[in-house]
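S.K.: pasting the sequence and the predicted model now:
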Amino acid sequence: MDPEIWAPEGLLSTFLAIEAQMGRDRTTETPQGPRVIDLDLLLFGDLVTDNGFLTVPHPRLRERAFMLVPLQEIAPGLILPGGGTPADALKSLKYRVDGNRIWQD
């Protein structure tokens, strides 16, 4: 196993390469618009970093129900950097789950 590939920057680079292979062009897409694919690195253990290339935890993690709801399902006891669980973060958001869709006001 190559430790650089599995370092957070290497993992993000792999995500970006996958997005490019699937046709995502970050230079032409509209912010908040539709995407072919969008891979985000939300957390990496207890790492907290912002080095210009990578920000962990994801800077809008606590604001996005579509990230927090699945995170709560797979790791309900997870303590997010800065404190609190995904469920705690969801308490401050207006959202609803309808089948496999997560709607946020």
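M.R.: Thanks, I have the structure now. Residues are numbered from 1 along each chain as shown.

S.K.: tell me where the protein has helices.
M.R.: 8-21, 65-74, 86-90 (DSSP state H).

S.K.: got the confidence number for the spatially most central residue of the chain?
M.R.: Centroid-nearest residue in the chain: Leu42, 3.5 Å away (criterion: CA atoms, centre = their mean). Per-residue pLDDT puts Leu42 at 96.

S.K.: list the contacts for it?
M.R.: Counting by CB atoms under 8 Å, 6 or more residues apart in numbering, Leu42 touches Val56, Pro57, His58, Leu61, Met67, Leu71. Every residue, glycine included, has its C-beta placed from N, CA and C.

S.K.: can we see that at 7 Å?
M.R.: Pro57, His58, Leu61, Met67, Leu71 (CB atoms under 7 Å, 6 or more residues apart in numbering).

S.K.: what's the burial count for the spatially closest residue to it that is not a sequence neighbour?
M.R.: Closest residue to Leu42 apart from its sequence neighbours, by CB to CB, 6 or more residues apart in numbering: His58 at 4.6 Å. If you count neighbours by other CB atoms under 10 Å, His58 ends up with 15.

S.K.: related to what we said a few turns ago, wait, which of the helices of the chain is closest to Arg101?
M.R.: Closest approach to Arg101 among these (CB to CB): helix 65-74, 8.9 Å.

S.K.: what about that closest one, average pLDDT?
M.R.: 97.
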